[in-house]
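Peer 1: attaching a predicted model along with its sequence, questions to come.
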There are 2 protein chains.
Amino acid sequence: MKIELSYWYKLLVPRAVVLISTVSKQGVSNAAPFSFVMPASVEPPMIAFASDPDHHTISNIRETGDFTVNIPGVDMLNQLWTCGEDFPKGVSEIRKAHLTEQKSKKIKSPKVAEALAQFECKLEAMYEAGDHIIVVGRVVDGEVKRGLFVKGKYNPLKARPLSHVGGNEFTLPEKIINAI
Amino acid sequence: MKIELSYWYKLLVPRAVVLISTVSKQGVSNAAPFSFVMPASVEPPMIAFASDPDHHTISNIRETGDFTVNIPGVDMLNQLWTCGEDFPKGVSEIRKAHLTEQKSKKIKSPKVAEALAQFECKLEAMYEAGDHIIVVGRVVDGEVKRGLFVKGKYNPLKARPLSHVGGNEFTLPEKIINAI
């Protein structure tokens, strides 16, 4: 069956979702959910995400040259949703959502304490792509909650990270199946 | 807890997985699974994925300027895994995996009939990113199996698309949870 092409992205689901936190040069923090996101390189470690170019996340990254990728677990579901609402640039979504802002080690953008993991990223490149902009960042520091990543192996059934389906619909990994 | 930075991508899981099919200028088809993938633009519709630059998928895309993004459901689990094995360039993974190659409408790369959906893409740009290359394609045609995408809404619980966790571990959406 034919599909309207601008709907194609609705079929690449569920998509892992991240909460990206940034700060403006005036010092106002921001956090917004993104599910147009992927790893871009293993060594050096890099992430890519696509955003509306008018998003505050983009203007903040242009100002500071960095951003933090926070991995939200199921406990953050409603707070993640709140961060996706449209607040004016002077308002911090992190505070509006009653999340805890933490100072990062190597970059200006703060991190979100409640997340399962936080990755501090320095901007590598931005590329225009249609109505979005692809942001590539290099991971310069990373923390994960104790007990979730043991001997190089992550336990998503214990971590319960959120994936986005569409609208306010999300899903969680419930069980693992093995190929061959 | 600190995490080895080159392991960061193991925490952005589960990741939606796609099977990308291409063809060389000699006419040999190829299909390989990728989970470093995301939507890049809504209008015009674009996809981005990151690949090892030495992958046959990349050399084929350089030769033809196009590729097909196939969305695999759970029925394709072992076939997807077979496509991820390392075959010489003269061997078609699509045949090795006993999948059905179908002619695309608007591009040279074939599509895989068994997939939940197939998106024909024309190459827009390639960008180096560390040890990977980011490929951006424009979706020029799209098909989805009847009954999965009704009135603009996709039903992932019915479609049962595969997400990658790591190694030979995958997961499926089992239930939907709603924010607020």
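Peer 2: Yep, it's here. Numbers count the residues shown, from 1 in each chain, chains lettered A, B, ... in the order given.
Peer 1: could you report the distance from A:Trp81 to B:Ala179?
Peer 2: According to C-beta to C-beta, to the nearest Å, A:Trp81 and B:Ala179 sit 4 Å apart. C-beta: built from backbone N, CA, C; applies to glycine.
Peer 1: who is A:Glu101 paired with across the strands?
Peer 2: For A:Glu101, the beta-bridge partners are A:Val112 (DSSP bridges).
Peer 1: tell me the predicted confidence for it.
Peer 2: For A:Glu101, the model assigns a pLDDT of 96.
Peer 1: coming back round to it: shared neighbours of A:Trp81 and B:Ala179, anything?
Peer 2: Counting by C-beta atoms under 8 Å, 6 or more residues apart in numbering or on different chains, the common neighbours of A:Trp81 and B:Ala179 are A:Asn168.
Peer 1: quick one, longest helix in chain A?
Peer 2: Taking DSSP state H as the criterion, chain A has its longest helix at helix A:56-64.
Peer 1: hmm, that one in reach of chain B?
Peer 2: No - Helix A:56-64 stays out of contact with chain B when judged by C-beta under 8 Å from any C-beta of the partner chain, the minimum separation being 14.4 Å.
Peer 1: now do the helix or strand following that helix against helix A:56-64, angle only.
Peer 2: Going down the chain from helix A:56-64, the next helix or strand is strand A:66-71, by DSSP states H and E. For strand A:66-71 against helix A:56-64, the angle by axes from the mean of the first three to the mean of the last three C-alpha atoms, to 10 degrees is 140 degrees.
Peer 1: would you list the strands that strand A:66-71 pairs with, along with their directions?
Peer 2: strand A:18-23 (antiparallel), strand A:117-129 (antiparallel).
Peer 1: in TSV: these, plus mean pLDDT and mean neighbour count.
Peer 2: TSV is the format used below for the strands paired with strand A:66-71 (pLDDT from 0 to 100; neighbours: other C-beta atoms under 10 Å in any protein chain shown):
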stretch	mean pLDDT	mean neighbour count
strand A:18-23	98	27
strand A:117-129	98	21
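Peer 1: with only the CA atoms kept, save stretch A:90-109 in CSV.
Peer 2: Taking C-alpha atoms only, stretch A:90-109 is exported to CSV below (Å, rounded to 0.1, in the frame of the first residue of the first chain):
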residue,chain,number,x,y,z
GLY,A,90,13.8,32.6,29.2
VAL,A,91,12.2,29.6,30.9
SER,A,92,14.1,26.4,31.9
GLU,A,93,12.3,23.2,31.0
ILE,A,94,14.5,21.4,33.5
ARG,A,95,12.9,23.5,36.4
LYS,A,96,9.4,23.4,34.9
ALA,A,97,9.6,19.6,34.8
HIS,A,98,11.0,19.5,38.4
LEU,A,99,14.1,17.7,37.2
THR,A,100,17.5,18.2,38.8
GLU,A,101,20.1,20.2,36.9
GLN,A,102,23.7,19.1,37.6
LYS,A,103,27.0,20.8,36.5
SER,A,104,28.8,18.9,33.8
LYS,A,105,32.5,18.1,34.1
LYS,A,106,33.8,19.1,30.7
ILE,A,107,31.2,21.3,29.0
LYS,A,108,28.9,24.3,29.8
SER,A,109,25.6,22.5,29.2
